[in-house]
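Enquirer: fold the following, please.
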Amino acid sequence: MEAMVKAAALALTAALCAGVVRRGAPELALLLALAAGGGILMLGMGALAQTAAALERMADAAQLGDELVRPVVKTVALSLISRVTAELCRSAGEGGAAAFVELAGTVLALGAALPLAEGVLELMAQLLT
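Expert: Down below sits the predicted model:
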């Protein structure tokens, strides 16, 4: 909770500052947004490490192989990266680039999830035999 309050405060401060700076130097406003984004990501690193450890524990408890957990993690990571990148492109006034980033993220996420779909099909086939 504390990290989210800090992240929200940093984001609001950066947004206000970027709004003022954007009038005179739009490129500096984008750099400010990038710096704030980096700071916000750093605030979330502790939770990310806890989440990764919890996923590993759950996978071990369920006796799931790494080949089933890795696609889920990759898909989530691709989704987050493409969303943040698309929003940064939109902030820079590049809506077309944002659309292409989102499309690429979707296609790559589907590709990353294919091993998971194959694993589920194999599991279903084993259960039916």
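Enquirer: hey, let's count contacts and neighbours off CA atoms from now on
Expert: Noted.
Enquirer: same for the longest helix anywhere in the chain, what does it pack against?
Expert: Under DSSP state H, the helix in the chain containing the largest number of residues is helix 26-61. When contacts are defined as 3 or more Cα pairs under 8 Å, 6 or more residues apart in numbering; DSSP states H and E, helix 26-61 packs onto helix 2-22, helix 66-91.
Enquirer: now the angle from it to helix 66-91?
Expert: Helix 26-61 and helix 66-91 are oriented at 160 degrees to each other (axes from the mean of the first three to the mean of the last three Cα atoms, to 10 degrees).
Enquirer: quick one: buried residues of helix 26-61?
Expert: 26, 29-30, 32-33, 36-37, 40, 43 (16 or more other Cα atoms under 10 Å).
Enquirer: same check on stretch 111-120?
Expert: Buried-residue list, stretch 111-120, by 16+ other Cα under 10 Å: 112-113, 115-116.
Enquirer: and the most centrally placed residue in the chain, how far is that from K74?
Expert: In the chain, the centroid-proximal residue (Cα atoms, centre = their mean) is L80; its distance is 1.7 Å. Taking Cα to Cα, to the nearest Å as the measure, L80 falls 10 Å from K74.
Enquirer: rewinding a little: of the helices and strands packed on helix 26-61, which is nearest A54?
Expert: Closest approach to A54 among the helices and strands packed on helix 26-61 (Cα to Cα): helix 66-91, 11.9 Å.
Enquirer: what helices or strands is that closest one leaning on?
Expert: Judged by 3+ Cα pairs under 8 Å, 6+ apart, helix 66-91 is in contact with helix 26-61, helix 95-128.
Enquirer: can we see that at 7 Å?
Expert: helix 95-128 (3 or more Cα pairs under 7 Å, 6 or more residues apart in numbering; DSSP states H and E).
Enquirer: distance from the chain centre to the helix it packs on, please.
Expert: Distance of helix 95-128 from its chain centroid, counting by Cα atoms, centre = their mean, to the nearest Å, is 15 Å.
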